Every structure is written in structure tokens, then in C-alpha cells.
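Peer 1: Take this sequence and fold it.
(one chain, ligands or ions: 1)
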Amino acid sequence: MKRAALWVILLTMPVRSASVPPSTRPALRAQLADNPEVRSALDWFARNLAAINEQQIRLTEIPAPPFQEAQRAAALKAVLASAGLDVQIDSTGNVIGELLGATEKEIVVLSAHLDTVFPPSTEVKVRHEGNRLLAPGISDNGTGLAALAAIARACHEAHIKPRRTILFVADVGEEGEGNLRGMRALVDAYRTKLKAVIVLDGSGTDHVTTKALASRRVEATITGPGGHSWSDFGMPNPINALVRASVRFINTRVPVAPRTTFNLGQIEGGTSVNSIPYEAKLKVDIRSESEDELVKLESALRECIAAGVRDEMESARDRTKGKLEWKVELLGSRPGGELPPHSTLLAALRAADEYVGNQSRIERSSTDANVPLSNSIDAISIGAGGAGGGAHSLNEWYDPAGREMGLKRALLTLLGVSGLAEEKAR
Ligand SMILES: [Zn+2]
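Peer 2: Residues are numbered from 1 along each chain as shown. Down below sits the predicted model:
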């Protein structure tokens, strides 16, 4: 039996199995880590921690604002190529480094997003305070990118030959209005071959995201003829209509479970206090643990906008000077989904946790893993070790203490799902 196959079977065995005495179980579970090449890859991290820190600083200092990831992508291309991978940049801007497995028909992806939330003018020079590194994007996703590069390099140095082909991917468009476009393109391109996606996002080893939080970002716009506040009084007013619609919408009842939320986040319109405006706009963020609730709430918003416009038209004294128009547009949509609890991927992560002596909790969050999960492809998102905080703020920090555990955890999870190519007879 292949070692990798044995690993997977052992991992998927129930915790209280009568056939394997408890005392022998840890030894059996260490099979993957006992493989000499895997051992060598795991050992590579400890010797190279300083260089991994340097790599993280270097990559963080290359700006990667939304939709402007190309410069950082070029750097990642060089880094992954130097780890012996065959590297391409796809038409969306994703950097894809291939480690060919025994089979090309099955693919496992290890990914880290390239983009930050910060505009181009942001100072990204990394500062040092004690053991901490400080810079916007240092943890999210400097840590993930440094880990992606380190794991690729460790596999190369250790001559790891996986059973399934591994793609090391630095992808674009994870944050905000990037709307997961990099991961969407990747899943579209490899859909039928893709067996698992492991997303490295930020720091820590305390969680594993297996549930994708679904969300919609929607913009409502109401327009009208506009006019003078005194002489045109009584004509329909887009701000009035938007206020009427908003009051209706915020009275919408949402369930506590599945947790469902909405936020009226931005409202704008009008040109001056003594003008009837010709336009009013509202941006709303809608999230839910349930795709059904999300769809319901989005259609409730459309109904409320339509009703607000209707109310305003009905109460207008003068409808001869034009009517109101409205539209609701989707700014972004993140699909939901969940990893099945008995998946091989979660078993591999749990076994890796056990091997490195880590405990992690299941989380629901909005990450690149949303895309594969919504397509029924196994996926998780995990931190890449060390500790970080202040994500999406100018005070973002990273402390590399404990990084090695995060790297080993990610590598063992990756090889747990890729498997190893069958060894030649010795
Ligand atoms: Zn991130």
C-alpha cells in the first residue's frame, strides 16, 4: 500500500476505533511525517526562518492595491520559479506554479492572495518593534505569501513527488470589490480536476475556515427630474423615496439563526439644500449563514426600493414634471457553501494539527475558499502561523514566533490531500 493512501485511511478512521489500540495510533498517524522526503521538507523550515521573515518583508513592501497586483505577481513568479516550479501568469493575473504529480488528472491547490485593501499611496515600508514587524498588509497577506513560497521551496529542496499535481497559486482579487475574481478564474479553469483547495490567509494556527459566509453588496439608485425647492415643490424627490424605502427595509425581520445581517453603509445624493435632487444612492451589505436567507433579503431590498418609489410618487402633488426611476445593482457577490464534516481535507488538517500539537476551531468566514466550496469542491482557509493583528488597518503587525508550526501544519495538510507518488522498490 502506498504510504499516502495508508495515511489517508488512518486519518479517516473513527477516533475510537476498536481495531487500532490507542497506544499504536499516534505512531501510525505519523506515517506521512516519517517519509524521509517529507521529514526533510519539514526540517527545512527551522533552518530558514530568518530568510522566510526577509521574504515576507520584501513581498509586503511591493504595493498590491486592488486591481494593481501585477508588480507583486511578477515577484512571486520569480520566487516560485526559483523553487523549481513551472510558473505561468494567467489572463486574470494569478501566478500559478505547477509541481507535477504522478497524475495530472487530479489537482490540489495551495493558494495565498496577492492583493491588499490599501490604495496606491499607502506607505508599505516595514518597521520593526521588538520581535514585531509592522506594515499595512504584513500579515494579510504577507504571511500567506511568505508561507506559499516557503512550502514550495521546502518541497523542492526535499524532492517531494506528490501523487496529485500541486498548484502553488498567488491569486488576485480576494479583497473587497476584487470580488474573488482570481479564485473564480482558477476554479473555472481547473474545475473538473480540482480535488482540494487550501487557502493561506493571514496569521495564526487557531482556526480552520470550513464554512463560507455568503454575502451580497448592493447599490440602489433612484433618479428623478430634479428642480427648485420652492417653485417645484410637490414634484417627486429621489431622496424622499430613498428614505421611505430605507425605513421599510430596516424594519425587515432577519433570523438570529441562521445568522443574517444587513448594513446600510453609504448614502449619498443631492446637490444643494434648496434643490430637489435628481439622484440618491444607497449601498447595502447583506450577509447570511444561509444562501436562501441571503436571496430573500436581497429581494426584500428590491421590493422596498420599489415601494419607496411608489409611495413617493403617490404622495407627490405634481406628477406632470416627470417620474422617478430606480435600479438595484449588484456590486459584489460571495457565494456560500460548507466543507462536508467527513471530508479527506478536514481529516488531513486534523491529523496535521495532531502531529504539530495544535488545536483549532472551525470558523465561518468570507475568504477565497467561498468559491470552491460553493462549487462543491473541498476547500479550507487557514492562517500560515505566527501571530498578527490589525488587519486592514495602517497599524497591522506580525510576530513570527510560532511560524514553524503553521508552516508544518499547512505542508502536512497539503501532502495529506495530494498524497505521495508511489515509491520505487528500494
Ligand atoms: Zn486576506
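Peer 1: Surely K193 touches E106?
Peer 2: Yes. Applying C-beta atoms under 8 Å, one finds K193 in contact with E106, separated by 6.0 Å. Every residue, glycine included, has its C-beta placed from N, CA and C.
Peer 1: These two: who's more crowded?
Peer 2: E106 (19 against 15; other C-beta atoms under 10 Å).
Peer 1: That one and the ion, how far apart?
Peer 2: 27 Å (C-beta to the ion, to the nearest Å).
Peer 1: Sheet partners, orientation included, of the host helix or strand of that residue?
Peer 2: Following DSSP states H and E, one finds E106 within strand 103-113. Using DSSP bridges, the strands paired with strand 103-113 are strand 164-171 (parallel), strand 194-200 (parallel).
Peer 1: Redo those strands as TSV? Include mean neighbour count, distance to the ion and mean pLDDT.
Peer 2: Below are the strands paired with strand 103-113 laid out as TSV (neighbours: other C-beta atoms under 10 Å; distance: least, C-beta to the ion, whole Å; pLDDT from 0 to 100):
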stretch	mean neighbour count	distance to the ion	mean pLDDT
strand 164-171	26	11	98
strand 194-200	25	9	98
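Peer 1: Now that we're looking at the residue sitting nearest the centre point of the chain, what pLDDT does it have?
Peer 2: Residue closest to the average C-alpha location in the chain (C-alpha atoms, centre = their mean): T367, at 2.2 Å. Note on T367: pLDDT of 95.
Peer 1: Can you tell me the closest non-neighbouring residue to it?
Peer 2: S381 (4.0 Å; C-beta to C-beta, 6 or more residues apart in numbering).
Peer 1: Show me what the one you found bridges to in the sheet.
Peer 2: V199, T209.
Peer 1: Would you agree it is in contact with V371?
Peer 2: No. Counting by C-beta under 8 Å, S381 does not reach V371; the two are 11.0 Å apart.
Peer 1: before we move on, the earlier item: tally of neighbours for the residue nearest to T367?
Peer 2: So S381, with other C-beta under 10 Å, has 25 neighbours.
Peer 1: swap in H207?
Peer 2: So H207, with other C-beta under 10 Å, has 16 neighbours.
Peer 1: repeat for Y398
Peer 2: Neighbours of Y398 (other C-beta under 10 Å): 29.
Peer 1: and what of the one 3 residues further on?
Peer 2: As a burial measure, A401 scores 12 neighbours (other C-beta under 10 Å).
Peer 1: List the contacts of it.
Peer 2: N131, G386, A387 (C-beta atoms under 8 Å, 6 or more residues apart in numbering).
Peer 1: And W44, by the same measure?
Peer 2: R153, A154, E157, A158.
Peer 1: which residues does the last one contact?
Peer 2: Yep, that's A158 we're talking about. A158 neighbours (C-beta under 8 Å, 6+ apart): E37, V38, S40, A41, W44.
Peer 1: And these, which of them are buried?
Peer 2: E37, V38, A41, W44 (16 or more other C-beta atoms under 10 Å).
Peer 1: could you redo those residues as JSON lines and give each row pLDDT?
Peer 2: Listed next are these as JSON lines, based on pLDDT from 0 to 100:
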{"residue": "E37", "pLDDT": "96"}
{"residue": "V38", "pLDDT": "96"}
{"residue": "A41", "pLDDT": "97"}
{"residue": "W44", "pLDDT": "98"}
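Peer 1: Out of those, the closest to V417 would be?
Peer 2: V38 (13.6 Å; C-beta to C-beta).
Peer 1: What separation is there between that closest one and the ion?
Peer 2: Applying C-beta to the ion to V38 and the ion gives a distance of 28 Å.
Peer 1: quick one: that residue and K161 touch, right?
Peer 2: No. At 10.9 Å, V38 does not count as touching K161 under the criterion of C-beta under 8 Å.
Peer 1: Name the residues contacting each of these two.
Peer 2: L420.
Peer 1: just to revisit the earlier point, CSV for the strands paired with strand 103-113, including distance to E312?
Peer 2: Below are these laid out as CSV (distance: least, C-beta to C-beta, whole Å):
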stretch, distance to E312
strand 164-171, 44
strand 194-200, 45
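Peer 1: list the contacts for R319?
Peer 2: P236, M313.
Peer 1: for the closest residue to the ion within the stretch 51-200 of the chain, what are its contacts?
Peer 2: Closest to the ion within the stretch 51-200 of the chain is D140: 4.1 Å, counting by C-beta to the ion. Each residue near D140 by C-beta under 8 Å, 6+ apart is listed here: T116, D201, G202, G388, A391, H392, E396.
Peer 1: among those, who's most crowded?
Peer 2: T116 (28 neighbours).
Peer 1: and that residue, that's in a helix?
Peer 2: No. Read with DSSP: H, G, I helix; E, B strand; the rest coil, T116 is coil and lies in no helix.
Peer 1: Please name every helix or strand in contact with the longest helix seen in the chain.
Peer 2: Counting by DSSP state H, the longest helix found in the chain is helix 291-315. On a contact count with 3 or more C-beta pairs under 8 Å, 6 or more residues apart in numbering; DSSP states H and E, helix 291-315 meets strand 214-223, helix 238-250, strand 260-269, strand 279-288, strand 325-334.
Peer 1: Quick one: name the residues of the chain near the ion.
Peer 2: Residues of the chain lying close to the ion by C-beta under 5 Å from the ion are D140, N141, D201.
Peer 1: want to try CSV for those, with pLDDT as columns?
Peer 2: Shown next, in CSV, are the residues of the chain next to the ion (pLDDT from 0 to 100):
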residue, pLDDT
D140, 97
N141, 97
D201, 98
